[in-house]
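# Using only what follows, build the 3D model:
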Amino acid sequence: MSHVTLAQGADATSPEGRGYATYDGPVRVPEKCRVVRAMAVHEDLGLSSEIVAVQIPHGGAGQKPPIDLNLPALWTKQTKLDDTAAVWDFIGRLAKNQNVLALEVGITAESSNGSEHVDYSGAVEEGYTAESLTRNANTLQSLVGAGSLRMLVGGLRFPTGQALVDWLKASNQPFDATGVDQK
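Residues are numbered from 1 along each chain as shown. A predicted model of the protein is given here:
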């Protein structure tokens, strides 16, 4: 059986000491909790992970991100798409959000037997639209035949900080202000 043990509170020191709880599913963090220390445990194999400390920001779930929601925003965190379905899903989301542009793109098409692969790498100043990514991905796939696609996106340009926040929420990605440039 595997589970996660947590210690919560300002003075939480270890999920192995006093005041810890064991969870096998979603964890509810109390509103006033500022630090959660966690480790994964697999009792049957006698394995446990390192202890990870997570700082919980003040202000709760309704807290506004520390960016200007009205200014353009650049998301500088890489997006790595490791399978064909994820690549086409990403391109589909770009098509629905036509004001969002992908930056510094790398696409790899690989034949179904793995014997051939073709790479595309580019960083056009105006960014990549869903249409241009579709064209590039289809061209690469036509060169290797049936197979798989992978893509690495170096960043995303949004018309507003709010558009960035909405994109991250829709794609279940955490907001991290260190990944935002609004200069």
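
# secondary structure class for residue 71?
Using DSSP: H, G, I helix; E, B strand; the rest coil, the structure places residue 71 in coil.

# OK, contacts around residue 121?
Counting by Cβ atoms under 8 Å, 6 or more residues apart in numbering, residue 121 touches 105-107. In this view, the C-beta of every residue, glycine as well, is placed from N, C-alpha and C.

# nope, residue 72 is what I was after
157-161, 182.

# thinking residue 80 is in contact with residue 152, fair?
Yes. Contact criterion Cβ atoms under 8 Å: residue 80 and residue 152 qualify, at 5.5 Å.

# Provide the contact partners of stretch 141-155 at residue level.
Contacts of stretch 141-155 (Cβ under 8 Å, 6+ apart): 74-84, 86-88, 90, 102-112, 116-118, 123, 133, 137, 140.

# Of these, grab the buried ones for ChimeraX.
Only the buried entries of the contacts of stretch 141-155 go into this ChimeraX selection, using 16 or more other Cβ atoms under 10 Å:
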select :74,75,77,79,81,84,87,88,90,102,103,104,105,106,107,108,109,110,111,118,133,137,140
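
# and the contacts of stretch 141-155, which of them are in helices?
Under the assignment DSSP state H, the contacts of stretch 141-155 contribute 84, 86-88, 90, 133, 137, 140 to helices.

# Switch the residues you listed over to TSV; also include distance to residue 174 and pLDDT.
Shown next, in TSV, are the ones in helices among the contacts of stretch 141-155 (distance: Cβ to Cβ, whole Å; pLDDT from 0 to 100):
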residue	distance to residue 174	pLDDT
84	25	94
86	18	94
87	22	95
88	23	96
90	17	95
133	24	96
137	27	95
140	31	94
